[in-house]
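> Structure here, sequence nowhere to be found:
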Ligand code: HEM
């Protein structure tokens, strides 16, 4: 940077030092044309140049100091983050990128964490990059403490929902943002269940049975495909009402939802949307089409979203067959509804798929359920137990996560999880831990839940018992009760009408945590 000096040499110094600033260039141009002007003009120009040089220097120094302070503060934060993170047991840091490269060797992050827990015990830290720290815990008392104390979630899933569906006040990382909508949704979902013996209307069950007949007319069905189709009808009719069942674009909507699900995590892993990549724009177009279809179904269902949007009119509320979307749609027209559709569809289909796999591999369990004549699902302890046991052995999400966005989290056992670190619970490990579940922890045995269903039902997520398929604490799943009752109702209706049989089992399926989808058959009971 140039320093202001004396006399005409100052002008030359300024030109040399700040030739790229607009002001510098203007002054250069002006001085060339003014060389033959009067002395008074020259001294005026000199003054302007000196003034410009000083002003430029001040701005440059201010910028330099600000950048340095920001960088030093960031560096300080990273050093503190490393220092605190390094106190947690875990593999030595050989290279910051080493661990993320190691993960594929173990299949996935959960597989790798499982190995690390064997070596380092119930608390393990893992550096994924210089600023990404994962702390995995399998100790029940610590899990409980974190899930109760920590209200925020890591930014990644929030980014995924925002990128795909728009702003959401249900799936945002910060608890402050989601608290209100969570409560209203919970009231809505419980309202759907209130006073009903079955959480899925007969009309929806009939429609599902017709779909099964149509599927079976073409031969054995793919278990995963079947589960997705059924889950889609359940969540769609719950959110949008019965006209969802006859909606002509339903198949396209489901296909788009699956395509978005396939790519969503990848594109959300970028901190800044990678607008320079063609694939990103393809993904963006998918999401936009999905939004368009969501608008269509809202209109189709007789809840003209457009008029609701423009006039605030809520007359469709009275005719709604599904849940009352008014509270959910109010601020974020698509983020919430599409987020629920996405999450509910994937989770319910995952659980139905897992239950079907367990039922076809254990046909005696179907027969045990068959004696149930009452259709009051809440009393069907054995069916509920089957749902719980399937959710225990094959949880539909591998990790529960929390992230203290602002403050360090101080836990008992003098453990500090630094702000920004992602706390995870490897659900499958906890739910198959033999110290919690006994020697037969890896066996499918719904009976273990029979005496506990009443105890579990008011609050399914019971950390003390290591049962976490719906999470726990302030950010636990608000749809858990609805989902369990809906799936149990579905199972009850299926088991009364069909014997579900295995057509072809994939090889070694019993050994895999997520076996490839088997072919199954729905055989009508005579
Ligand atoms: C089998 C079905 C389902 C499973 C296994 C499931 C599982 C989960 C899990 C594991 C979480 C994270 C909990 C935590 O971090 O502690 C979650 C969150 C959530 N679930 Fe579900 N869910 C299911 C169905 C549903 C349905 C049907 C709805 C609503 C229509 C729903 C609404 C939500 C919402 C809004 C959250 C976000 C809570 C928050 O971040 O504050 N879920 N769910």
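Received it, and whenever you're ready, just let me know what you need. It should be emphasised that the depicted structure is a prediction, and the values quoted were computed from it without experimental measurement.
> Show me the helices in the stretch 1-150 of the chain, by range?
9-17, 22-33, 39-86, 98-102, 109-120, 140-149 (DSSP state H, counting those that start in this stretch).
> To residue 353, which of those lies closest?
helix 109-120 (18.2 Å; C-beta to C-beta). Every C-beta, even on glycine, is put in place using the N, C-alpha and C of the backbone.
> Just list the residues touching residue 425, thanks.
Residue 425 is in contact with 136, 137, 138, 143, 147, 399, 400, 401, 468, counting by C-beta atoms under 8 Å, 6 or more residues apart in numbering.
> one step back: closest one to the ligand among the helices of the stretch 1-150 of the chain?
Shortest distance between the ligand and these, using C-beta to the nearest ligand atom, is found for helix 140-149: 6.5 Å.
> Residues in contact with the closest one: which ones?
The list of residues contacting helix 140-149 from outside it, by C-beta under 8 Å, 6+ apart, reads 122-123, 137, 400, 402, 409, 411-413, 415, 417, 423, 425, 430, 436, 463-464, 466, 468, 471-475.
> The helix or strand just after it - contacts with which helices or strands?
Next helix or strand after helix 140-149 toward the C-terminus (DSSP states H and E): helix 155-165. In terms of contacts (3 or more C-beta pairs under 8 Å, 6 or more residues apart in numbering; DSSP states H and E), helix 155-165 is packed against helix 250-268, helix 278-300, helix 335-361.
> can you put these in CSV and add mean pLDDT, distance to the ligand and mean neighbour count?
What follows is the helices and strands packed on helix 155-165, written out as CSV (pLDDT from 0 to 100; distance: least, C-beta to the nearest ligand atom, whole Å; neighbours: other C-beta atoms under 10 Å):
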stretch, mean pLDDT, distance to the ligand, mean neighbour count
helix 250-268, 92, 14, 16
helix 278-300, 91, 15, 16
helix 335-361, 92, 3, 23
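> for these, which one sits closest to residue 44?
Checking the helices and strands packed on helix 155-165 against residue 44 by C-beta to C-beta gives helix 278-300 as the closest, at 54.2 Å.
> Okay, angle between that closest one and helix 335-361 too, please.
90 degrees (axes from the mean of the first three to the mean of the last three C-alpha atoms, to 10 degrees).
> For helix 278-300, name the packing helices and strands.
Judged by 3+ C-beta pairs under 8 Å, 6+ apart, the packing partners of helix 278-300 are helix 155-165, helix 223-240, helix 250-268, helix 305-311, helix 335-361.
> Run a quick neighbour tally on residue 91.
17 (other C-beta atoms under 10 Å).
> and it, what is it in contact with?
Contacts for residue 91 (C-beta under 8 Å, 6+ apart) come out as 99, 116, 119, 120, 126.
> my read is residue 499 is in a strand, agree?
Yes - counting by DSSP: H, G, I helix; E, B strand; the rest coil, one finds residue 499 located in a strand.
> does the closest residue to it other than its chain neighbours sit in a helix or strand, and which one?
When the adjacent residues along the chain are set aside, residue 499 lies closest to residue 523, with 4.8 Å between them (C-beta to C-beta, 6 or more residues apart in numbering). For residue 523, the host element (DSSP H and E) is strand 519-524.
> Just give me how far that strand sits from the chain centre.
In terms of C-alpha atoms, centre = their mean, to the nearest Å, the centre of strand 519-524 is found 33 Å from the chain centre.
> same check, this time on stretch 472-483
14 Å.
> Over to stretch 517-526?
33 Å.
> hmm, who's touching that stretch?
212, 215-216, 220-226, 353, 356-357, 360, 494, 496-506, 509.
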